[in-house]
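Trainee: Sequence and predicted model, in that order:
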Amino acid sequence: MSVVVSNTPAAVASSSRTRSQHLRLLGRFELVADGAPIPVPLSAQRVAAFVALHARPLERAYVAGTLWLDSPEERAHANLRSALWRLGRHGCRLMDTRGKLLAIRTEVLVDVRELEASIRQALGGSGRDIDPELLADDLLPNWYDDWVMLERERFRQLRLHALEVLCERLTREGQLGDALQAGLAAVAGEPLRESAHRALIRVHLAEGNAAEALRQYQLFRRMLRDHLGVEPSPQIRALVPAAVDASAGRLDA
């Protein structure tokens, strides 16, 4: 569905004040206004994403120099101006462009910012638990700019930590089905992360499924041996000592 607006400055300003705008960076890039997706060229996507991933307003020169690193300064600034113009089409005012600073307008909802705030509140005990399904998506997958990969890894670590904490908390509260889903999501997010496997093993033990706990341990141990050539830590071995001792011969075979 397309959005049709008047091209007059008054109509654009009026429309931008009333339209609900949402910038999605998790799973894919998408700009939505009043429930309708807005087409955004790749160069403009990069500007919007770069500015949105910074908590503070950014100098125009810094944005242009980072995104068009191999271009002369004059060309980089021209590219930035072009991208900002493209972002302003369809009556959608995503960016505050006054002066030398650029920032995402405060009324625009940015999914990764909203989710990070919820995660930090939940980890601090002042917010509600996060649905594991909301933690499933990577930040801008298939984007390979250095700045994206750094932000993606930072968010990935926060997301995995949140899943582990959620798994442990739900296990203590006896909500074992939800705890299992959180633990499985954490393991899927990083199969070689021991803390994720420990959280999942605790769920199996809380359910009385010693065989599942042992199977998870054996899977993790094989992966460590195959990929890193190391053994699991005493922390995870201590979770299933009897089962591990009984199967030691099979594991060493």
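Mentor: Good, I have the coordinates.
Trainee: Strands along the chain, start to end?
Mentor: Using DSSP state E, the strands of the chain run over 21-24, 30-33, 36-38, 58-59, 95-96, 101-104, 109-110.
Trainee: what's the first one packed up against?
Mentor: With contacts defined as 3 or more C-beta pairs under 8 Å, 6 or more residues apart in numbering; DSSP states H and E, the secondary structure elements packing on strand 21-24 are strand 30-33, strand 109-110, helix 111-123. Backbone N, C-alpha and C define where each C-beta goes, glycine included.
Trainee: okay, now the nearest residue to residue 194 once chain neighbours are set aside: neighbour count?
Mentor: Leaving out its chain neighbours, the residue that sits closest to residue 194 by C-beta to C-beta, 6 or more residues apart in numbering is residue 236, at 5.8 Å. Counted with other C-beta atoms under 10 Å, residues neighbouring residue 236 total 20.
Trainee: Residue 236 contacts residue 217, correct?
Mentor: Yes - Residue 236 lies in contact with residue 217 (C-beta atoms under 8 Å); the separation is 6.6 Å.
Trainee: can you list residues touching both of the two?
Mentor: 197, 201 (C-beta atoms under 8 Å, 6 or more residues apart in numbering).
Trainee: Verify the contact between residue 210 and residue 240 for me.
Mentor: Yes - Residue 210 is within contact range of residue 240, at 7.2 Å (criterion: C-beta under 8 Å).
Trainee: Settle it for me: which of the two has more neighbours?
Mentor: Set side by side, residue 210 and residue 240 show more neighbours around residue 240, with 21 against 13, by other C-beta under 10 Å.
Trainee: The more buried one reaches residue 202, doesn't it?
Mentor: No - if you go by C-beta under 8 Å, residue 240 and residue 202 don't touch, sitting 10.1 Å apart.
Trainee: The lengthiest helix in the chain versus helix 111-123: what angle between them?
Mentor: For the chain, the longest helix by residue count, based on DSSP state H, is helix 146-172. Put simply, helix 146-172 runs at 30 degrees to helix 111-123, going by axes from the mean of the first three to the mean of the last three C-alpha atoms, to 10 degrees.
Trainee: what about this protein, any weak spots by pLDDT?
Mentor: Within the chain, the ranges that satisfy pLDDT under 70 run 1-19, 90-91, 126-128, 242-253.
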